[in-house]
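>>> coords please:
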Amino acid sequence: MFSRILIANRGEIALRIIRACHELGVETVAIYSEADKDAEYLKLANDAVCIGPASAMESYLNIPRIISAAEITDVEAIHPGYGFLAENFHFAEVCNDCGITFIGPTPEGMEMLGDKVKAREIAKKARVAVVPGSKGEIEDVAAAIKIANKIKYPVMIKATAGGGGRGMRVAHNDISLHGAFAAAKAEAEAAFNNGAVFIEKFVENPRHVEVQIMADKAGNVVHFFERDCTIQRRHQKLIEESPCPAINEKTREELCKAAIRVVKQTDYSGAGTVEFLLDKNNNFYFIEVNTRIQVEHPVTEMVTGHDLIKWQLRIASGEKINIKQKDIKLRGHAIECRINAEDPSRDYAPSPGEIKKYVPPGGLGVRVDTHAYQGWVVSPYYDSMVSKLIVHQKNRDEAINTMKRALREYKIEPIKTTIPACLEILSHNLYVKGQIDTSFIERHMQ
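This is a model prediction of the structure:
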């Protein structure tokens with residue numbers, strides 16, 4: 001195991017990694033921008049280094065400054081968390097070239113599975129169904145129109161790199177495809193410094209289901225079952241749960257085995273999430289692999305009892321996975337709500353500012369992952385997520401009731417948050433019945 005690592009991230013995930021490290025006896029170095037200099041979690045790290053001004057490009061995305069911080073604090077490894085540089089294979093290469101272990105996949109594994117076009121071809125080789133689409137990057141809108149007419153509208157234009165719903169647009173005809181193509185490329189270029197896009201058939205009214213896997217450097221791969229991430233707004237997840245309430249044991253087993261087959265096609269190690277679309281007939285189609293820990297990993301931890309951050313650290317340090325697949329079991333039901341500093345009544349407009357009242361919920365089966373506190377200023381410079389509220393109960397109905405109770409207890413004022421939206425969704429009869437799809441919010445929420 002490492003003796004000292006640097007955390008190349010901020011906020012909730014930085015605190016989450018600090019806690020896991022300290023429980024394993026690993027010292028931590030936190031980095032921070034000038035905007036985060038008052039963050040309480042910095043006091044929990046063994047060391048903290050300011051790496052630049054508020055702008056992410058000059059701090060959390062600045063590879064030379066992060067590497068300099070790692071070198072002057074004498075760390076053995078870097079954990080990228082999620083977002084920022086977590087799926088940047090160049091950053092992983094730089095870490096390796098500097099003799100610092102990147103806590104994640106190899107650069108080669110990240111590049112192969114992190115590129116959506118390459119990942120589709122890998123899935124095909126693994127005998128896993130993919131959504132019909134282009135064989136590779138689409139260079140211009142004329143080529144996009146030709147393919148769209150072949151696979152039939154509606155279609156989805158998607159960035160080949162990155163994740164988080166960036167660089168994705170739906171088109172329903174040739175005219176709308178022109179705008180969708182340009183918008184997807186521009187957003188992908190801005191978000192990932194890579195404007196490459198491809199096209200695939202848009203599966204209407206699907207569920208979004210993903211499988212959590214963990215692979216070691218000896219080629220062992222296990223799964224930790226699936227998460228249902230169907231409740232989304234503009235491809236950004238808002239509520240996640242595990243297990244998926246829409247599938248039976250047979251489909252669950254097939255889904256998880258398919259995820260493992262995809263990962264085993266490459267020399268992959270560490271945490272990964274294999275994502276699928278599930279149609280109304282419970283047919284599933286591979287869409288992509290996220291080569292990092294996910295925001296929603298706590299729901300998996302709650303239903304399996306495994307600390308996924310600790311598994312990342314163990315595997316990166318060279319340990320083998322010492323458990324059998326049959327020993328990883330589902331226990332009960334977990335739900336996670338993302339509490340973002342956004343105003344649902346104003347089309348989810350950002351709501352940064354000082355938190356003057358902060359009262360977190362508690363009780364049996366309630367977990368709060370956050371770096372926020374009374375007096376903390378939510379910055380306009382970064383992602384709007386303030387907190388993750390997770391509940392775990394013996395079945396889905398009880399989990400929904402516990403989550404609703406916890407949301408009502410949660411006070412984060414005076415800024416606006418997504419708490420009212422989450423409450424409205426959880427109270428909707430279609431959500432309670434499990435009759436949801438990825439357009440649920442747009443179609444059913446005011």
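
>>> in the sheet, who's paired with the residue nearest to G365 when sequence neighbours are not counted?
Closest residue to G365 apart from its sequence neighbours, by CB to CB, 6 or more residues apart in numbering: H392 at 4.8 Å. No exception for glycine: its C-beta is placed from N, CA and C like everyone else's. Using DSSP bridges, the bridge partners assigned to H392 are A334.

>>> where are the low-confidence patches of the stretch 101-250 of the chain?
162-164 (pLDDT under 70).

>>> correction: the stretch 301-446 of the chain
Counting by pLDDT under 70, the stretch 301-446 of the chain has low-confidence residues at 446.

>>> which stretches in the stretch 101-250 of the chain count as helices?
107-114, 116-125, 141-151, 174-192, 249-263 (DSSP state H, counting those that start in this stretch).

>>> of these, which stretch is the most buried?
Among the helices of the stretch 101-250 of the chain, helix 107-114 has the highest mean neighbour count (mean count of other CB atoms under 10 Å), at a mean of 22.

>>> against which helices or strands is that helix packed?
Where contact means 3 or more CB pairs under 8 Å, 6 or more residues apart in numbering; DSSP states H and E, helix 107-114 is packed against helix 89-97, helix 116-125, strand 284-290.

>>> can I get that helix as CSV, trimmed to CA atoms?
Extracted in CSV, the C-alpha atoms of helix 107-114 (Å, rounded to 0.1, in the frame of the first residue of the first chain):
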residue,chain,number,x,y,z
PRO,A,107,-3.1,5.4,-20.3
GLU,A,108,-3.6,2.7,-23.0
GLY,A,109,-6.6,1.2,-21.3
MET,A,110,-8.1,4.6,-20.6
GLU,A,111,-7.7,5.7,-24.2
MET,A,112,-9.2,2.5,-25.7
LEU,A,113,-12.3,2.4,-23.4
GLY,A,114,-12.6,6.1,-22.8
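
>>> show residues contacting that helix.
For helix 107-114, contacts defined as CB atoms under 8 Å, 6 or more residues apart in numbering pick out 87, 89-90, 92-93, 96, 104-105, 118-119, 122, 161, 262-263, 266-269, 272, 289-291.

>>> circling back to that earlier point, among the helices of the stretch 101-250 of the chain, which is nearest A372?
Across the helices of the stretch 101-250 of the chain, A372 has its closest neighbour in helix 174-192 (24.9 Å, CB to CB).

>>> any chance of TSV for the helices and strands packed on helix 107-114, columns distance to E189?
Formatted as TSV, the helices and strands packed on helix 107-114 follow (distance: least, CB to CB, whole Å):
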stretch	distance to E189
helix 89-97	16
helix 116-125	16
strand 284-290	19
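
>>> which of these sits closest to R10?
Of those, nearest to R10 by CB to CB is helix 89-97, at 15.6 Å.

>>> quick one: buried residues of that closest one?
For helix 89-97, burial by neighbour count (16 or more other CB atoms under 10 Å) applies to 89, 91-95.

>>> list phi and psi for the residue nearest to the spatial centre of the chain.
Central residue of the chain (CA atoms, centre = their mean): Q294, 3.3 Å from the mean position. Q294 adopts backbone torsions of phi -100, psi 160, taken as degrees, to the nearest 10.

>>> can you tell me which residues contact the nearest residue to it once chain neighbours are set aside?
Nearest residue to Q294 in three dimensions, chain neighbours excluded: T273, at 5.2 Å (CB to CB, 6+ apart). For T273, the contact set (CB under 8 Å, 6+ apart) comprises 210-213, 289-290, 292, 294.

>>> can you check E210 too?
Neighbouring residues of E210 by CB under 8 Å, 6+ apart: 226-227, 229, 273-276, 290, 294.

>>> ok so, going back, looking at the helices of the stretch 101-250 of the chain, which is closest to E398?
With CB to CB as the yardstick, what comes closest out of those is helix 249-263 (20.6 Å).

>>> immediately after the closest one, which helix or strand?
The helix or strand immediately downstream of helix 249-263 is strand 270-278, counting by DSSP states H and E.

>>> and the contacts of stretch 28-36?
With CB under 8 Å, 6+ apart, stretch 28-36 has contacts from 4-8, 10-11, 14, 17-18, 21-22, 39, 41-42, 44-56, 58-60, 66, 69-70, 73, 75, 379, 381-382.

>>> buried subset of these, written for ChimeraX?
Entered in ChimeraX, the line below selects the buried ones among the contacts of stretch 28-36, by 16+ other CB under 10 Å:
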select :4,5,6,7,8,10,11,14,17,18,21,39,41,42,45,47,48,49,51,52,54,56,59,60,66,69,70,73,75,379,382
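
>>> among the contacts of stretch 28-36, which are in helices?
Judged by DSSP state H, helices contain the following of the contacts of stretch 28-36: 11, 14, 17-18, 21-22, 66, 69-70.

>>> and those residues, which is closest to A171?
Nearest to A171 among the ones in helices among the contacts of stretch 28-36, counting by CB to CB, is G11 at 34.8 Å.

>>> so how far is H371 from the closest one?
Remark: distance between G11 and H371 (CB to CB, to the nearest Å) = 5 Å.

>>> quick check: neighbours shared by those two?
What both G11 and H371 touch, as defined by CB under 8 Å, 6+ apart, is the set 39, 41.

>>> how does this protein divide into domains?
Annotated domains of the chain cover 4-103, 132-201, 207-444 [automatic domain parsing].

>>> would you list those domains in a markdown table and tack on distance to A126?
Formatted as a markdown table, these follow (distance: least, CB to CB, whole Å):
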| stretch | distance to A126 |
| --- | --- |
| domain 4-103 | 21 |
| domain 132-201 | 17 |
| domain 207-444 | 4 |
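
>>> hmm, E301 and the residue nearest to G365 touching each other?
No: with contact defined as CB atoms under 8 Å, H392 does not reach E301; the gap is 9.1 Å.

>>> between these two, which is the more surrounded one?
The residue with more neighbours, out of H392 and E301, is H392; 24 against 21, by other CB atoms under 10 Å.
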